[in-house]
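Undergrad: Fold the following, please.
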Amino acid sequence: MGSEPLWRRPGRRPRRMRGLLSLAAAGLFVCCVGAAGLGAWNYQHVRQSSGEARESAEAFLRDVVDDDADGAYDRLCVDTRERWSREDFVRQLSVPPTITRYDIEDVQVASDQGQLRGTVVAKLTRRSGVVDRREIPLVKEDDQWRVCGDPF
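TA: Residues are numbered from 1 along each chain as shown. So this is what the prediction gives:
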């Protein structure tokens with residue numbers, strides 16, 4: 001009978017295909033491990049920076065409460081110092097109601113296109129007794145956290 005058998009043994013995949021699949025799997029594994037490592041490093045870096053941001057905000061507010069306008073002005077970022085002259089800043093700090101006490105409630109730090117930025121939420125107690133809740137924007141410049149934006 002000259003007909004073909006109904007069942008044929010499937011052909012084996014070429015070894016070259018297995019090698020390519022193994023190489024692709026190894027490459028994918030390396031990429032995943034690298035991405036996880038980079039994510040862990042970034043998380044740790046941002047977490048460490050939140051403590052530094054808090055310290056800088058506290059130093060700024062301590063200068064404001066202690067009536068050290070020059071010290072507070074020196075803690076401003078370059079952009080804010082370009083918008084506020086030292087004299088205007090000192091004048092604004094002396095205008096009532098002045099801040100007599102502060103309490104930091106929250107600190108948030110994030111990386112924005114490689115630039116670390118933060119926000120500190122603080123309760124400010126004014127001389128009049130009014131309690132004011134403010135968000136203080138921060139930016140990391142020259143390895144130091146600085147108040148950047150409207151500090152009042």
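
Undergrad: tell me the pLDDT at S56?
TA: On pLDDT, S56 comes in at 95.

Undergrad: quick one, phi/psi of the nearest residue to it once chain neighbours are set aside?
TA: Excluding the flanking residues, the one nearest S56 by CB to CB, 6 or more residues apart in numbering is W145, at 3.6 Å. Where C-beta positions appear, they are placed from N, C-alpha and C, glycine not excepted. The phi/psi pair for W145 (degrees, to the nearest 10) reads phi -80, psi 130.

Undergrad: What separation do you get for V95 and E135?
TA: Going from V95 to E135 by CB to CB, to the nearest Å gives 20 Å.

Undergrad: so where do the strands sit in the protein?
TA: Secondary structure of the chain (DSSP state E): strands located at 99-112, 115-126, 131-141, 144-147.

Undergrad: got the angle for the second one vs strand 131-141?
TA: Relative orientation of strand 115-126 versus strand 131-141 (axes from the mean of the first three to the mean of the last three CA atoms, to 10 degrees): 150 degrees.

Undergrad: and the residue nearest the centre of the chain, what are its bridge partners?
TA: Nearest to the geometric centre of the chain sits A110, at 2.0 Å (CA atoms, centre = their mean). Beta-bridge pairing of A110 under DSSP bridges involves R117.

Undergrad: what about it, distance to P137?
TA: For A110 relative to P137 (CB to CB), the value is 12 Å.

Undergrad: Kindly report the same for E105.
TA: E105 is 15 Å from P137, by CB to CB.

Undergrad: Next: S56.
TA: Per CB to CB, S56 is found 12 Å from P137.

Undergrad: just D79 next, same as before
TA: Distance, D79 to P137, using CB to CB: 10 Å.

Undergrad: who's more crowded, these two?
TA: Neighbours were counted for D79 and for P137 using other CB atoms under 10 Å; P137 has more, 17 against 13.

Undergrad: Find the residues that touch each one of D79 and P137.
TA: The contact sets of D79 and P137 overlap at C148 (CB atoms under 8 Å, 6 or more residues apart in numbering).

Undergrad: Could you count how many residues lie near T125?
TA: By the measure other CB under 10 Å, the count of residues near T125 is 16.

Undergrad: Next, count neighbours for the nearest residue to it once chain neighbours are set aside.
TA: Spatially, and ignoring its direct neighbours in sequence, T125 is nearest to R101 (4.0 Å; CB to CB, 6+ apart). Residues near R101, counting by other CB under 10 Å, number 12.
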